[in-house]
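Enquirer: Kindly generate the corresponding structure for this input.
(one chain, ligands or ions: 3)
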Amino acid sequence: MWRHAAARRSAQIRRLLSTSAPSAGAVRGPCIVHKRGTDILHDPWYNKDTAFPLTERDRLGLRGLLPPRVMSFEQQYERFINSYHSLEHNTQGEPDSVVSLAKWRILNRLHDRNETLYYRVLIDNIKDFAPIIYTPTVGLVCENYSGLFRRPRGMYFSAKDKGEMMSMIYNWPAEKVDMIVVTDGSRILGLGDLGVQGIGIPIGKLDVYVAAAGINPQKVLPIMLDVGTNNEELLEDKLYLGLRQPRLEGEEYLAVVDEFMEAVHARWPKAIVQFEDFQMKWAFETLQRYRSRFCMFNDDVQGTAGVALAGLLGAVRAQGRPLADFTKQKIVVVGAGSAGIGVLNMAKHAMLRMPGTHKIGELGEGHNQFWVLDKDGLITKSRKDLDPAVARFARGYGPEEVEDLHEGASLVEVKVKPHVLLGLSGVGGIFNEEVLKAMKESDSPCPAIFAMSNPTTKAECTPEDVFKHVGENAVFASGSPFSNVTLSNGRKGYANQANNMYLFPGIGLGALLSGARHISDGMLHAAAECLASYITDDAIRKGILFPSISSIRHITARVGAAVARAAVDEDLAEGCSDLDPRDLRSMSESDTVDYVARKMWYPVYSPLVNDK
Ligand SMILES: NC(=O)c1ccc[n+]([C@@H]2O[C@H](COP(=O)([O-])OP(=O)(O)OC[C@H]3O[C@@H](n4cnc5c(N)ncnc54)[C@H](O)[C@@H]3O)[C@@H](O)[C@H]2O)c1
Ligand SMILES: O=C(O)C[C@H](O)C(=O)O
Ligand SMILES: [Mg+2]
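Expert: Ligands and ions are numbered 1, 2, ... in the order given. I've put the predicted structure just below:
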């Protein structure tokens, strides 16, 4: 009996793994379309522009609506890339912001017109285009969103929609939604409260979901919860497109988010909801409130933490030390907000899980390898009204403390010779020459500087500053992309990008494919460990802490598989349409990676068939 079930299961797995992986040469089965003529040309999901073959033009009532020449997909692709390069050429010498916005516009226009071509160019050129559709240009787009607005994308729920959300959610045209990214616009990157203009962030994150995790673009939904803004400039701006009222607070605020979550869950009970760029108090409160009821996570708190942990473990390996030495690293964290505290929690947890740690007196609460600063300087136990989440990391005045450390000490006063200096402060340039020169005294042979704040203008320092002032033995990572630096001996100084884009697509995809009931710490740790182990020792020795963004789809397949397997291990997996959790349980690690990769959507034109 058992043998039959096992045989059936392995046949099922073979079937799942034998469906061909979507790829560049893939031919899709026909797609039924309930439209004709210009309605098709105006629908970016179906539109092929000049690539409609003549038979389809006849079938769909398109004859005469397009120029006669039929172009191939490859010709269209080349044409777009050429026009992008001409734009680069023609804008040479213009300010960076002008060039970036021009690039964003040309990509956005393609997105609005032809999604297949848009996502293909995005996937193939992710390293070049991520800085435009995502950080840092997306920050500029959000700052100027009301002026740039041409047509809506995603959904907007405002404080005025209270009581209506359950019916509004049915206004979204897609039957099925798998992935939602929602913001309230209260902390957009390091740019502060941008109100409704923050919608650019969910749009950019979901583009990364499509490109990196192969989520079908028809099943993603960017959402803005407009509960007002406290940004005076926006409130006075005549063009501002959001509610012109101060932000809701307290129970009023939570009632809006509650209603939104209930509405989403009622229509799409299996959709994953990613909270993004909420100010700290709401980031933690909503995570606590919803994480065991819904399949959701907070990317700034949890995704960032995993990426930072992978970087911190890479920094240990760069020193030629065993990973278990992570527990002895001295880490200065500048910024005690949602991201900083998320990183500290995960790093502390990882230290406690290191092999052998139980011998060091259970490391425990007394063990504190962290020095944490916020806008008021070093956080110590004597700080008034300390948030309990931060209090765990406050320095005491025990005998182990360095004498001249005091409450509110400035960064240069915290002379603890740290192995790592990590910034999540949102303050550009705060790692100045004096701070960086002090890192020469680090106890590490290759001090690590992580300037993780976004966008580029908010990075705590640049890689040039680091290799110049700390030394060429330093390792560097930043949240926004920088170019590598040529060192004095002609070697490369690597400007790694430590951005949560390495993890959130895999967290969402793994949760979705496993049908996880919720997203546990174990699943998040699995994601971080998978990313940390992706990099080889050889690469680490060169100062490479994170893989190239060009491999993001491959990385995401691995991370997604690790997350799905962790969900299975914790009995959180309920499976999805074609996969029973028992199938997932019996898959080997590499079969799981194959399965996840095969489930990724890939943009190719499907033959269109009209149903009338
Ligand atoms: N690289 C990534 O993947 C990633 C992920 C999440 C957040 N971030 C970036 O991190 C930054 C912070 O995000 P957050 O959500 O934690 O914001 P937050 O507003 O919750 O926290 C900011 C923290 O920085 C502190 N701070 C402000 N000025 C300071 C100063 N002069 N010196 C020391 N500390 C100072 C604040 O007191 C606060 O503790 C943003 O720029 C964001 O873009 C990057
Ligand atoms: O959006 C990013 O680039 C990373 C992160 O989520 C942030 O808030 O800065
Ligand atoms: Mg964010």
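Enquirer: Up against ligand 3, what does this protein have?
Expert: Residues of the chain lying close to ligand 3 (C-beta under 5 Å from the ion) are 276, 277, 300. From N, CA and C alone the C-beta is placed, and that goes for glycine too.
Enquirer: tally of neighbours for the first one?
Expert: Other residues lying near residue 276 total 28 when counted by other C-beta atoms under 10 Å.
Enquirer: ditto for the second one
Expert: The number of residues packed around residue 277, counting by other C-beta under 10 Å, is 25.
Enquirer: which ones are touching the closest residue to residue 291 other than its chain neighbours?
Expert: The shortest distance from residue 291 to any non-neighbouring residue, by C-beta to C-beta, 6 or more residues apart in numbering, is to residue 518 (6.0 Å). Applying C-beta atoms under 8 Å, 6 or more residues apart in numbering, we find residue 518 in contact with 291, 292, 293, 294, 295, 296, 572.
Enquirer: Could I have the CA atoms of stretch 553-567 written out in PDB?
Expert: Output in PDB follows, covering the C-alpha atoms of stretch 553-567 (Å, rounded to 0.1, in the frame of the first residue of the first chain):
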ATOM      1  CA  ARG A 553      16.700  34.400 -11.300                       C
ATOM      2  CA  HIS A 554      19.000  31.500 -10.500                       C
ATOM      3  CA  ILE A 555      19.500  32.900  -6.900                       C
ATOM      4  CA  THR A 556      15.800  33.300  -6.500                       C
ATOM      5  CA  ALA A 557      15.100  29.700  -7.600                       C
ATOM      6  CA  ARG A 558      17.500  28.500  -4.900                       C
ATOM      7  CA  VAL A 559      16.100  30.800  -2.200                       C
ATOM      8  CA  GLY A 560      12.600  30.000  -3.200                       C
ATOM      9  CA  ALA A 561      13.400  26.200  -2.900                       C
ATOM     10  CA  ALA A 562      15.000  26.700   0.500                       C
ATOM     11  CA  VAL A 563      12.000  28.700   1.800                       C
ATOM     12  CA  ALA A 564       9.500  26.100   0.500                       C
ATOM     13  CA  ARG A 565      11.500  23.200   2.100                       C
ATOM     14  CA  ALA A 566      11.600  25.100   5.400                       C
ATOM     15  CA  ALA A 567       7.800  25.500   5.200                       C
END
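Enquirer: residues near the nearest residue to residue 158 once chain neighbours are set aside, how many?
Expert: Using C-beta to C-beta, 6+ apart and skipping the chain neighbours, the partner closest in space to residue 158 is residue 226 (4.0 Å). The number of residues packed near residue 226 is 26, by other C-beta under 10 Å.
Enquirer: now stretch 198-206, how far from the chain's geometric center?
Expert: 10 Å (C-alpha atoms, centre = their mean, to the nearest Å).
Enquirer: Start the count at 687 instead of 1 going forward.
Expert: That works, and once the first residue is 687, the last one we named lands at stretch 884-892.
Enquirer: wait, does it contact ligand 1?
Expert: No: remark: stretch 884-892 sits outside contact range of ligand 1, by C-beta under 6 Å from any ligand atom, the gap being at least 9.9 Å.
Enquirer: Check stretch 811-827 too.
Expert: No: Stretch 811-827 stays clear of ligand 1 (C-beta under 6 Å from any ligand atom), getting no nearer than 7.8 Å.
Enquirer: quick revisit: ok, now which ones touch the residue nearest to residue 844?
Expert: 842, 843, 844, 845, 870, 871, 881, 882, 928, 929.
Enquirer: follow-up on the earlier one: taking the contacts of residue 1204, please make a PyMOL selection of just the buried ones.
Expert: Entered in PyMOL, the line below selects the buried ones among those, by 16 or more other C-beta atoms under 10 Å:
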select buried, resi 977+980+981+982+1258
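Enquirer: which ones among the contacts of residue 1204 are found in strands?
Expert: The members of these that map onto strands under DSSP state E are residue 982.
Enquirer: Can you add pLDDT and give the contacts of residue 1204 back as a markdown table?
Expert: Listed next are those as a markdown table, based on pLDDT from 0 to 100:
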| residue | pLDDT |
| --- | --- |
| 977 | 98 |
| 978 | 96 |
| 979 | 96 |
| 980 | 97 |
| 981 | 98 |
| 982 | 98 |
| 1258 | 97 |
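Enquirer: Now do residue 901 against residue 1031, distance only.
Expert: 28 Å (C-beta to C-beta, to the nearest Å).
Enquirer: Sorry, slip of the keys, the one I care about is residue 734.
Expert: Taking C-beta to C-beta, one finds residue 734 at 48 Å from residue 1031.
Enquirer: Which one of those two is surrounded by more residues?
Expert: Set residue 734 next to residue 1031 and count neighbours by other C-beta under 10 Å: residue 734 wins out with 22 against 17.
Enquirer: who's in contact with the residue nearest to the more buried one when sequence neighbours are not counted?
Expert: In space, and not counting its chain neighbours, residue 734 is closest to residue 1291: 5.3 Å by C-beta to C-beta, 6+ apart. By C-beta under 8 Å, 6+ apart, residue 1291 lies in contact with 714, 734, 737, 759, 802.
Enquirer: any idea how far residue 891 is from the last one?
Expert: Residue 802 sits 21 Å away from residue 891 when distances are taken as C-beta to C-beta.
Enquirer: between these two, which one's more packed in?
Expert: residue 891 (28 against 23).
Enquirer: which secondary element of this structure has the worst mean pLDDT?
Expert: helix 688-704 (a mean of 62; mean pLDDT, DSSP states H and E).
Enquirer: and after that helix, which helix or strand comes next?
Expert: Where DSSP states H and E defines the elements, the next helix or strand beyond helix 688-704 is strand 717-719.
Enquirer: And that following strand, what's buried?
Expert: Applying 16+ other C-beta under 10 Å to strand 717-719 flags residue 719 as buried.
Enquirer: Centre of the chain to the following helix or strand past that strand, how far?
Expert: Remark: after strand 717-719, the chain's next helix or strand is helix 724-727, criterion DSSP H and E. Centroid separation between helix 724-727 and its chain, computed with C-alpha atoms, centre = their mean, is 33 Å.
Enquirer: Can I get helix 724-727 as CSV, trimmed to CA atoms?
Expert: Written as CSV, here are the backbone C-alpha positions of helix 724-727 (Å, rounded to 0.1, in the frame of the first residue of the first chain):
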residue,chain,number,x,y,z
THR,A,724,-8.0,47.9,-31.0
ASP,A,725,-9.0,46.5,-27.6
ILE,A,726,-6.2,44.0,-28.0
LEU,A,727,-3.7,46.5,-29.2
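Enquirer: Mind giving me the packing neighbours of it?
Expert: If contacts are counted by 3 or more C-beta pairs under 8 Å, 6 or more residues apart in numbering; DSSP states H and E, helix 724-727 sits against no helix or strand.
Enquirer: Any chance you could list what contacts that helix?
Expert: Contacts of helix 724-727 (C-beta under 8 Å, 6+ apart): 719, 732, 733, 735, 746, 748, 751, 752, 1294.
Enquirer: Please pull up the helix or strand immediately following it.
Expert: From helix 724-727, the next helix or strand downstream (DSSP H and E) is helix 740-745.
Enquirer: near ligand 1, which residues of this structure?
Expert: 873, 875-876, 966, 986, 990, 993, 1020-1026, 1059-1061, 1110-1113, 1116, 1138-1140, 1144, 1165, 1184-1186.
Enquirer: and ligand 2, which of these contact it?
Expert: Restricting the residues of the chain next to ligand 1 to those near ligand 2 - C-beta under 6 Å from any ligand atom - leaves 875, 986, 1140, 1165, 1185, 1186.
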